[in-house]
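*Asks:* Predicted model and sequence below, questions to follow.
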Amino acid sequence: MPIYLPIAELSVQVFLIFGMGLAVGFISGLFGIGGGFLMTPLLIFSGVPPAVAVATVSSHMAASSFSGVLSYWRKKAIDIELGMVLLAGGLVGTAAGVGAFALLRQAGQLDLMIAVSYVLLLGFTGSLMVIESARALLSTHVATAATARRPEPPKRFDRLPFRRRFEQSRIEVSMVPVVGIGVFIGFIGALMGVGGGFLLVPLLIYLLRVPTGVVVGTSLFLTLVTMLAATLLHAVTNRSVDVVLALILMVGGVIGAQFGARAGFGMKSEQLRLLLGLLVLGVGLRFLYDLVIKPEELFALEPSFAGARP
Amino acid sequence: MITRLGQVLLVILALAAPAAPAGAEQLVTSLSSHRVAIASNFTGDELALFGTIVNPDPRRTGPTAYDIVVTVRGPKRTLVARRKEVVLGLWVNTGSRQFVEIPAYLVVLATRKPADIAPEAVLRRQQIGLDHILLPQRLVADIGDIGNIADEYRAALIRLKAKGGLYSEDPTGVTFLTPGLFRARITIPASAPVGTYEVETQLLAAGQVLAREVSAFELFKVGFEAQVERAATEHPVLYGIAAVVLALFTGWGASVVFRKD
């Protein structure tokens, strides 16, 4: 069943787009990530103009993460305080990222920067997660008692000022690394057109030792707020949010996210981390492949702003 | 519509007839529609162009005595073509060319291959065929078109546009129904941009252009599609808020529907 998208200005198959929303929604609910790093490339591959894809995906991620936030909220698995501190840093990072985005676009090297960032960040975090979770899984098989032990609170940030206790997460840590992580996620998110959940989840687990149960809900909370802001920003500055496309993606996404979240509750956190690690690593390798292998078409067309020099 | 078209045709004939010297051919064309609406089920459309050769020269006989070339130009857009090259083992954009105000849609329909219709000089001067239509590029500080002399950017532009069905050249796109009556089919893909499309019809014989007719049609959105676009461009803040509310409502709805307890 074809439908015409008024802002993207092209005709798409409803069920194909719906299925993409469903699949990415499932992954999003399972791991507590926005899924933008999967959805945006999928849409661009389907022929949606990149600007419309990035903007519309942000509204889709807002819907997906809101339904996730609600179910984690009922399970009291969100640390709002930690989320707010991260958000404060995130807003600063987003502003810086938007600026960098514009500069790179002018230089014609945005694609390269995005691809290299994907390869480096996804490759690094993916490998780290796979190694760590595989080791944890192996050790639980050897000594089952070890799993119940809570990891040590982070010692490396002990000397930094502005210490604060986050009750929900049961951690006491300086605000400096928390805001720092927020800035980093905001910057990367704006630059790469993703929510950044796939980076935030491992950072919170490995750097701040936030318990995995709270991490997913808190990460979804941050994704929700940043994506709502991004939707509004894209609509006002670029007029590139396609509500018809967004609605199809959202309906698929929220249904998928519910099933994903349910599937996640029954799984061990090491297993979840291993799967997310493999997924992140896989996407990173895909981008590396595109960078290294000679493309079939060496040329690409993109819209230009009248009068601007290439 | 029909009567207005009839009036236009009569006016054209009335104006053309006395001015034309005896024996000079004239063209009269008619498009099947001047307004193409895009609704939610739009997957592209097709228009028919009919035309007749008025006052044909009886000395010109045979199936290839007259040739027709129909050129359809869509709304103008400025594009950048980028070229990738391998640098330190990575495929990166190294070169780029800006195409200034070129048609977003460009279709050439003809009775024969342009090269068979007229000599190169005429094709170039009259801009007949994709290879001869000017596609101006910004070259350092100047704007110009260096033509079809092995320009890889120009070739890439045409190739990529053709992949999306937006640029094409069909040497059998115009058919003569009778020696004086011809028809051309103009295909509009779903990805065609909204705006005014100019349809130029040229009549050629013995390698020379004898007559030229210009018509146009408009591609526009209707109904819900048009309202969405108008809202997005005229009330961006409200539109953004609506998108946010839609996202929250969908997310909330799903969590209510799927709530187990």
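*Replies:* Looks like it came in fine.

*Asks:* which ones are touching B:Tyr24?
*Replies:* Actually, residue B:24 is Ala rather than Tyr. Going by Cβ atoms under 8 Å, 6 or more residues apart in numbering or on different chains, B:Ala24 touches B:55, B:210-211. C-beta coordinates here come from the backbone N, C-alpha and C atoms, glycine included.

*Asks:* same check, this time on A:Val244
*Replies:* The contact partners of A:Val244, by Cβ under 8 Å, 6+ apart, come to A:3, A:5-7, B:40, B:228.

*Asks:* Which strand or helix spans it?
*Replies:* Using DSSP states H and E, A:Val244 maps to helix A:243-265.

*Asks:* What lies in contact with whatever helix or strand comes next after that helix?
*Replies:* Next helix or strand after helix A:243-265 toward the C-terminus (DSSP H and E): helix A:269-292. Contact with helix A:269-292 is made by A:27, A:30-31, A:33, A:37-38, A:115-116, A:118-123, A:125-130, A:132-134, A:136-137, A:140, A:198, A:201-202, A:205, A:212-213, A:264, B:89-91, as judged by Cβ under 8 Å, 6+ apart.

*Asks:* Please pick the buried ones from the residues you listed.
*Replies:* If you count burial by 16 or more other Cβ atoms under 10 Å in any protein chain shown, the buried members of these come out as A:27, A:30-31, A:33, A:37-38, A:115-116, A:118-119, A:121-123, A:125-126, A:128-130, A:132-133, A:136, A:198, A:201-202, A:205, A:212, A:264, B:90-91.

*Asks:* Next, give phi and psi for B:Arg138.
*Replies:* phi -90, psi 110 (degrees, to the nearest 10).

*Asks:* now it: how far from B:Phe99?
*Replies:* 8 Å (Cβ to Cβ, to the nearest Å).

*Asks:* Ok, B:Thr111 next?
*Replies:* For B:Thr111 relative to B:Phe99 (Cβ to Cβ), the value is 29 Å.

*Asks:* Could you dump the contacts of A:Val244 into TSV and include pLDDT and neighbour count?
*Replies:* Below are the contacts of A:Val244 laid out as TSV (pLDDT from 0 to 100; neighbours: other Cβ atoms under 10 Å in any protein chain shown):
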residue	pLDDT	neighbour count
A:Ile3	87	18
A:Leu5	88	24
A:Pro6	86	25
A:Ile7	85	26
B:Ser40	84	17
B:Val228	89	20
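
*Asks:* mind listing which of those residues are in helices?
*Replies:* If you go by DSSP state H, these have B:Val228 in helices.

*Asks:* Could you export the contacts of A:Val244 as CSV, including distance to A:Ala51?
*Replies:* Below are the contacts of A:Val244 laid out as CSV (distance: Cβ to Cβ, whole Å):
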residue, distance to A:Ala51
A:Ile3, 20
A:Leu5, 13
A:Pro6, 15
A:Ile7, 10
B:Ser40, 22
B:Val228, 17
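
*Asks:* Return the subset of the contacts of A:Val244 lying in strands.
*Replies:* Among the contacts of A:Val244, the ones falling in strands (DSSP state E) are A:3, A:5.

*Asks:* Name the member of the contacts of A:Val244 with the shortest distance to B:Leu238.
*Replies:* B:Val228 (12.3 Å; Cβ to Cβ).

*Asks:* Name the residues of the stretch 151-300 of chain A found near chain B, please.
*Replies:* Residues of the stretch 151-300 of chain A lying close to chain B by Cβ under 8 Å from any Cβ of the partner chain are A:227-228, A:231-236, A:239, A:241, A:243-244, A:246-247, A:250-251, A:254-255, A:257-258, A:290-295, A:297-300.

*Asks:* and the next element down the chain from whichever strand or helix holds A:Asp111?
*Replies:* Using DSSP H and E, A:Asp111 sits in helix A:110-117. Downstream of helix A:110-117, the next assigned helix or strand under DSSP H and E is helix A:123-142.

*Asks:* Now do the contacts for the residue in the stretch 101-250 of chain B that chain A sits nearest to.
*Replies:* Residue nearest to chain A within the stretch 101-250 of chain B (Cβ to the nearest Cβ): B:Gly240, separated by 3.0 Å. With contact set as Cβ under 8 Å, 6+ apart, B:Gly240 has these partners: A:231-236, A:241.

*Asks:* Ok, A:Val57 next?
*Replies:* Per Cβ under 8 Å, 6+ apart, neighbours of A:Val57: A:36, A:39-40, A:43, A:193, A:249.

*Asks:* And the furthest pair within these?
*Replies:* The widest separation within the contacts of A:Val57 (Cβ to Cβ) is 14.8 Å, between A:Gly193 and A:Leu249.

*Asks:* Show me which of the two is the more surrounded one.
*Replies:* A:Leu249 (29 against 25; other Cβ atoms under 10 Å in any protein chain shown).

*Asks:* Isn't that one up against A:Ala23?
*Replies:* No. Look at A:Leu249 against A:Ala23 with Cβ atoms under 8 Å: they stay out of range, at 11.0 Å.

*Asks:* A:Leu301: helix or strand, and which one exactly?
*Replies:* strand A:299-303.

*Asks:* Which neighbouring elements make contact with that strand?
*Replies:* strand B:76-87, helix B:152-163 (3 or more Cβ pairs under 8 Å, 6 or more residues apart in numbering or on different chains; DSSP states H and E).

*Asks:* Mind listing the strands that strand pairs with, and their directions?
*Replies:* Here strand A:299-303 has these sheet partners by DSSP bridges: strand B:76-87 (antiparallel).

*Asks:* Pull the distance from the partner strand to the chain's centre.
*Replies:* 22 Å (Cα atoms, centre = their mean, to the nearest Å).

*Asks:* as a whole number, average confidence for the helix or strand just after it?
*Replies:* Moving toward the C-terminus from strand B:76-87, the next helix or strand (DSSP H and E) is strand B:90-103. For strand B:90-103, the mean pLDDT works out to 87.
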